[in-house]
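> Structure of the sequence below:
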Amino acid sequence: MAVRDHAWRAADRAAGVAGLTTSVVVLLAGSALIGVGVAGAGGAVAGIAIAVLLIAVVYACCDRLALSAMLARPVSEVEQPELYRLVRDLSKAARLPVPRLFVSPAEQPNSFTVGRSPRTATVCCTEGLLRVLDEAELRGVLGHELAHVSGHDILASSMSAGLATVITFPAGLVRFARRGSGGSGGSGGSGGSGGSGGASRVGGARGVPAATRAGGGSGSGLGLVESMLMLVLAPIAAVLVRLAVSPEREYRADATGALLTGDPVALASALRTADAGINGSAELALAPDGRRISVGHLMIVCPFRPEGIARLFLTQPPASERVRRLEALAGYRR
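The predicted structure is shown next:
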């Protein structure tokens, strides 16, 4: 089992490094081509310089970008003693530093981990996840998130999320302008990060349309100009995400997390609840705006409906297949 675990970690690390390297090379090459088209050879040099600066900024701020996209805030042990106890116990068992803990106000049950290394890792859970899962299921989810940390794949996923966020940033500016002018997007539930209390929730009350709950306004939650920008920018961001992040990372994290907790069935139950439960992601799907769509691949289950632009960013394998593998790991036969 120790040999198998070491092999999984080595595979995670190699896949993450290769994917991130490919993503960065593609970004540099694309910037150089754009520079050549605009200003010739000098433009290529300028394009590469801008891309390198962008990569450096994203490296320094990728975790904060992802957390701010979900309006997450740090929580103390006084607020979440049970969460701290579970994370501390699992971190000790995995021989990892205890990560920082954040909570997002989203009603959708979900979680993700960001950071550049095990020492800078941050685990974020949504309020919906903490509410609907029991202790064993929550322990399974936290084991899965710590498996990403021990597998050293959080850098690739966090960097790709940061790069995608920066690329789709113009679409976010349009949404901000619409809100500032009192447009249709101003009534969304997850207004700017300066909001407070219930008005700043990413999720919302049951019975409200999913797009509105996620701060989307009418229809798909995107205005005309924002939609046009997303049609142009989202495929570019999606290419970088898909190059850096493989669906296999979720399978490996499921298996490693199950070995860490010793309870594959609990994680399988948590995935089933988070994906298709009464208050799961299918019912409380987030609107795929420029900020959240760039961090969707970090989540333990897909936070969006698999349609439209969101399909481009879909890196999580089907929850049903993940549940099947976990139950097979526990000895169940189908």
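> okay, CA-based contacts and neighbour counts for the rest of this
Noted.
> What helices and strands are in contact with the helix or strand residue 57 falls within?
Assessed by DSSP states H and E, residue 57 sits inside helix 2-69. Judged by 3 or more CA pairs under 8 Å, 6 or more residues apart in numbering; DSSP states H and E, the packing partners of helix 2-69 are strand 111-114, helix 154-167, helix 224-244, helix 248-261.
> what angle sits between it and helix 248-261?
Helix 2-69 runs at 110 degrees relative to helix 248-261, counting by axes from the mean of the first three to the mean of the last three CA atoms, to 10 degrees.
> any idea which helix or strand comes after helix 2-69?
Heading C-terminal from helix 2-69, the first helix or strand you meet, by DSSP H and E, is strand 73-74.
> Packing partners of the helix or strand that comes right after that next one?
Later in the chain than strand 73-74, the nearest helix or strand by DSSP H and E is helix 81-94. With contacts taken as 3+ CA pairs under 8 Å, 6+ apart, helix 81-94 sits against helix 135-150, helix 248-261.
> any low-confidence regions in the stretch 151-300 of the chain?
Scanning the stretch 151-300 of the chain with the threshold set as pLDDT under 70 gives 172, 174-223, 277-280.
> 90 - rerun?
Where the stretch 151-300 of the chain drops to pLDDT under 90, the residues are 151-153, 156, 163-249, 275-294.
> cool, the stretch 1-150 of the chain as well?
1-51, 54-55, 57-58.
> Spatially nearest residue to the residue positioned nearest the centre of the chain, not counting backbone neighbours?
With distances taken as CA atoms, centre = their mean, residue 298 lies nearest the centre of the chain, 2.4 Å away. In space, and not counting its chain neighbours, residue 298 is closest to residue 112: 5.4 Å by CA to CA, 6 or more residues apart in numbering.
> in the sheet, who's paired with the one you found?
On the basis of DSSP bridges, residue 112 is bridged to residue 124.
> do you know how far it is from residue 224?
Separation of residue 112 from residue 224 (CA to CA, to the nearest Å) stands at 30 Å.
> and residue 148, what is it in contact with?
113, 154, 249, 253 (CA atoms under 8 Å, 6 or more residues apart in numbering).
> Make sure the second one is actually in contact with residue 119.
Right, residue 154. No. Counting by CA atoms under 8 Å, residue 154 stays clear of residue 119, with 11.4 Å between them.
> Between these two, tell me which one has more neighbours.
residue 154 (30 against 13; other CA atoms under 10 Å).
> In contact with the more buried one, which residues?
Contacts of residue 154 (CA under 8 Å, 6+ apart): 113-117, 121, 148.
> Likewise for residue 33?
Contacts of residue 33 (CA under 8 Å, 6+ apart): 44, 47.
> Return the member of the contacts of residue 148 nearest to residue 71.
residue 113 (14.4 Å; CA to CA).
> Apart from its neighbours in sequence, what residue is nearest the closest one?
Using CA to CA, 6+ apart, the nearest residue to residue 113 is residue 123, at 4.5 Å.
> likewise residue 233?
Per CA to CA, 6+ apart, closest to residue 233 is residue 168, 5.7 Å.
> Surely that neighbour touches residue 288?
No. Here residue 168 does not reach residue 288: they are 11.5 Å apart, not a contact under CA under 8 Å.
> circling back: would you mind measuring from the residue nearest to the centre of the chain to residue 40?
Separation of residue 298 from residue 40 (CA to CA): 38 Å.
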